[in-house]
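> Sequence and predicted structure below; questions after.
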Amino acid sequence: MRVLVAEDHGPLARSIANGLREEGFAVDLTGDGQEALHWAQSNPYDCVVLDIMLPGRDGWSVIQNLRRGGSSAPVLLLTARDAIEDRVKGLNLGADDYLVKPFAWEELLARVRALVRRGHGQKSPVRQIADLEIDTAAKVVRRGGKNITLSAKEYALLEYLAHREGRVVSRQEIWDHLYDAADEATSNVVDVYIGYLRSKIDKDFDLKLIHTRRGLGYVLTAQP
Amino acid sequence: MTRRIALSILLTVWAAILIAGVTSWLTARKALLDQFDQAIKDHATSLNSLDRYAVKDVRGRTVDGGIAGRFAGPAPTIIERTFVELPEGTYRRLVLQVPGQALPVSVSVPADQYVHSLRWLGGALAISGVLAGAVAAIVAAWVARLALRPLSHTAEVVGAIDQSKLDRRIDAAALPEELRPMAGRLNELLGRLQHAFEERRRFLADASHELRTPVAAMITTMEVALRRPRPAAELTETLETCLSEARHMRQLVQALLRQIRAEAASGDEEAQDLDAAQMLRECADLADSLALQKQIHIVRSVNGAIPVRAEPGRLRSVVLNLMSNAIEYNHPGGMVEVSAHADEASAEIVVRDDGPGIAPEHLPHLFEPFYRATAKQESDGHLGLGLFLVDSHVKAMGGECRVESRLGAGTTFRIRLPSSTQCLATTEAL
């Protein structure tokens, strides 16, 4: 899952980015409002964490322009002001959630995850595909009642496929949601991770869930 | 106030009633008496020959009697009029001198009717006077309240104003003309209070924003770091980040305390007539060592004395702040010039540098608290409070602060202060 963090206070921005990366998110980081708008418009983020007081262009303006341009990426506003008018203004302009500094890391993480789910039309943190169970809150994957241990990237790939269950996703789409702009990996790494995931999820089971659509991409589904 | 107005109205009305009552009673009494006497006189003159008369001595024995002759000739004159108390009642006695007669004639007539009428009149006057007095008391209280209602209403409006409702104003148009200037003054006062509160509120909001962000950074950094075991090098980095945030916060807290202290102390120092030129030279000497480190040359273009009216502590802080800014943001080898000149009304202190200049979009916000022209990461420890303090000090001394700047050419700050002679002139005018 790919997240844009737009925050101009360096130490805070770096901590949020590091924390999210350790949770398996691909994170792009910027401290400038103009740049934040540009990035959000040209990349398919699963969530945007947006500070209001940004130089170049404030958070209000970023979100307004983003929504005008038709983007529906979930936006979590960060602000140091907790006046009710500010919160209402943010939500009215099209923000999806609001967090007042200073916040607890767990809360930011939970809200980002909830926004990612909501962005993919999911309310429950637990996804069930045949006998495969993915708990996106606890990041636990089970198949046939048995826990499966996945690396962060493998988990992110599986979660993304699960969000798009039944639909074919191209390598590029997967790459866009799994890697940040600074990553130099090519979209071929997607094939590698699909291979790892298959060996952990499908190998020991008769019902295969991950399918290749030649020339199109991959799909996660219980109906072949 | 209501009681005083009511009381004065009441006393005036009561005095008027008393005077009117006494006057009418006296007038009526005189008129009645005159009429009575005239009737007696007429009666005496019209006694005709058939009427019997009797002349009695002091003991009541009849000494003469018979049929009276007719008074003839000119009308008699009254030479004495008295009331006589007899066992049968009160009598009015007139002594008449009939022209041509040797002895005066005394005529007595019962006066009970007259006394009764007079008593009745007095009673009626007294009762109506008391009633009118009572009505006057009620009316006076009512009128006083009515007259003071706009004042008590204004008091209610002002009483209902607290710091959350400082945008309220007294409706001067609804007040009587005499009270409008007072309402205007009160509204001006409210306006100034509202402005001061707004400024304070904004400053606190900005300050809390400035504190929240480093707190958030520290908490997030530590929480993320604690989520898993980490190598010592990574933990060291975490600690360094937190330490630098904590130092930033300490600086911020100190600056806030300074600001609070500056405001608290603002009443302590008295404005005085002083020579700004002297102070500029002192400040330039103080700034010399800082300028030397950055190889910046300080030019002193101050000639003669510049008399200003200012608080020395504030003025020194203003000049030092501007000079250290000019030195710090200048490039090595640059120049900072301090100059001053005075005219009749005011004096101007100018701090000019030939540094990189400030972009036009920043200029309108330069004196706002926590405003930084450079991005936070590059402002290395600057809190954006220096110029805000400069502006606060200058305003507190009744002056004005302006800035001109061109990118690449340098920046000029101009401080205009009332000159000492101007201050004397205003004091005299007042």
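Looks like it came in fine.
> ranges for the strands of the chain?
Reading this off chain A. Ranges of strands in chain A, per DSSP state E, are A:2-6, A:26-30, A:47-51, A:75-79, A:97-100, A:126-129, A:132-135, A:140-143, A:146-148, A:210-213, A:217-220.
> that's the wrong chain, I meant chain B
B:52-56, B:62-67, B:77-86, B:89-97, B:105-110, B:272-275, B:297-301, B:307-310, B:335-342, B:346-353, B:400-406, B:410-418.
> So for B:Arg258, which of those sits nearest?
Closest of the strands of chain B to B:Arg258 is strand B:400-406, at 18.6 Å (criterion: Cβ to Cβ). All C-beta atoms are positioned from the backbone trio N, CA, C, and that covers glycine.
> what angle separates the closest one from strand B:346-353?
Relative orientation of strand B:400-406 versus strand B:346-353 (axes from the mean of the first three to the mean of the last three Cα atoms, to 10 degrees): 30 degrees.
> then strand B:400-406 to PDB, C-alphas only?
Listed next in PDB are the C-alpha coordinates belonging to strand B:400-406 (Å, rounded to 0.1, in the frame of the first residue of the first chain):
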ATOM      1  CA  GLU B 400       5.600  52.600  13.600                       C
ATOM      2  CA  CYS B 401       7.700  50.000  12.000                       C
ATOM      3  CA  ARG B 402       8.200  49.600   8.200                       C
ATOM      4  CA  VAL B 403      10.300  47.400   5.900                       C
ATOM      5  CA  GLU B 404      11.500  47.800   2.300                       C
ATOM      6  CA  SER B 405      13.400  45.100   0.500                       C
ATOM      7  CA  ARG B 406      14.600  44.100  -2.900                       C
END
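> In terms of secondary structure, what does it contact?
helix B:386-396, strand B:410-418 (3 or more Cβ pairs under 8 Å, 6 or more residues apart in numbering or on different chains; DSSP states H and E).
> Go again with 10 Å.
On a contact count with 3 or more Cβ pairs under 10 Å, 6 or more residues apart in numbering or on different chains; DSSP states H and E, strand B:400-406 meets helix B:312-328, strand B:346-353, helix B:386-396, strand B:410-418.
> what pLDDT, on average, does it get?
Averaging pLDDT along strand B:400-406 yields 92.
> mind listing what that strand pairs with, with the direction of each?
Sheet pairing of strand B:400-406 (DSSP bridges) gives strand B:410-418 (antiparallel).
> Show me which positions of the strand it pairs with end up buried.
Neighbour counts over strand B:410-418 (16 or more other Cβ atoms under 10 Å in any protein chain shown) mark B:410-413, B:415-418 as buried.
> ok, of the residues you listed, which one's closest to chain A?
B:Thr411 (20.4 Å; Cβ to the nearest Cβ).
> In contact with that closest one, which residues?
B:322, B:325-326, B:329-330, B:351-358, B:363, B:366, B:403-405 (Cβ atoms under 10 Å, 6 or more residues apart in numbering or on different chains).
> again, but for A:Thr212
A:Thr212 touches A:168, A:191, A:194, A:198, A:218-219, counting by Cβ under 10 Å, 6+ apart.
> how about the helices in the chain?
I went with chain A, as the question did not name one. Under the criterion DSSP state H, helices of chain A are mapped to A:10-22, A:33-42, A:59-68, A:84-93, A:105-119, A:152-163, A:171-178, A:188-201.
> That was the other one, I meant chain B.
Counting by DSSP H, chain B has these helices, from start to end: B:2-45, B:112-159, B:180-225, B:232-265, B:276-293, B:312-328, B:386-396, B:420-429.
> I'd like to know the average pLDDT value across the shortest one.
Right, helix B:420-429. On average, helix B:420-429 scores 49.
> looking just at contacts, which helices and strands does the lowest-mean-pLDDT helix or strand in chain A meet?
Here the helix or strand of chain A ranked lowest by mean pLDDT, DSSP states H and E is helix A:84-93, holding a mean of 84. Packing contacts for helix A:84-93, counted by 3+ Cβ pairs under 10 Å, 6+ apart, involve helix A:59-68, strand A:75-79, strand A:97-100.
> Quickly compare the ones you listed and say which is most buried.
With neighbours defined as mean count of other Cβ atoms under 10 Å in any protein chain shown, those peak in mean count at strand A:75-79, which reaches a mean of 24.
> Parallel or antiparallel, which strands does that one pair with?
Sheet pairing for strand A:75-79, using DSSP bridges, gives strand A:47-51 (parallel), strand A:97-100 (parallel).
> Which residue is the nearest non-sequential neighbour of the one residue sitting closest to the centre of chain B?
Centroid check for chain B by Cα atoms, centre = their mean gives B:Met182 as the closest residue, at 6.2 Å. Nearest residue to B:Met182, sequence neighbours excluded (Cβ to Cβ, 6 or more residues apart in numbering or on different chains): B:Thr154, at 7.7 Å.
> pretty sure B:Leu286 is touching B:Val319, no?
Yes: here B:Leu286 lies in contact with B:Val319, judged by Cβ atoms under 10 Å, at a distance of 9.3 Å.
> neighbour count winner among these two?
Between B:Leu286 and B:Val319, counted using other Cβ atoms under 10 Å in any protein chain shown, the more crowded position is B:Val319 (26 against 14).
> Can you tell me how far the more buried one is from chain A?
Using Cβ to the nearest Cβ, to the nearest Å, B:Val319 is found at 30 Å from chain A.
> who are the neighbours in contact with that residue?
By Cβ under 10 Å, 6+ apart, the neighbours of B:Val319 are B:276, B:279-280, B:282-284, B:286-287, B:338, B:340, B:349, B:351, B:390, B:393, B:413, B:415.
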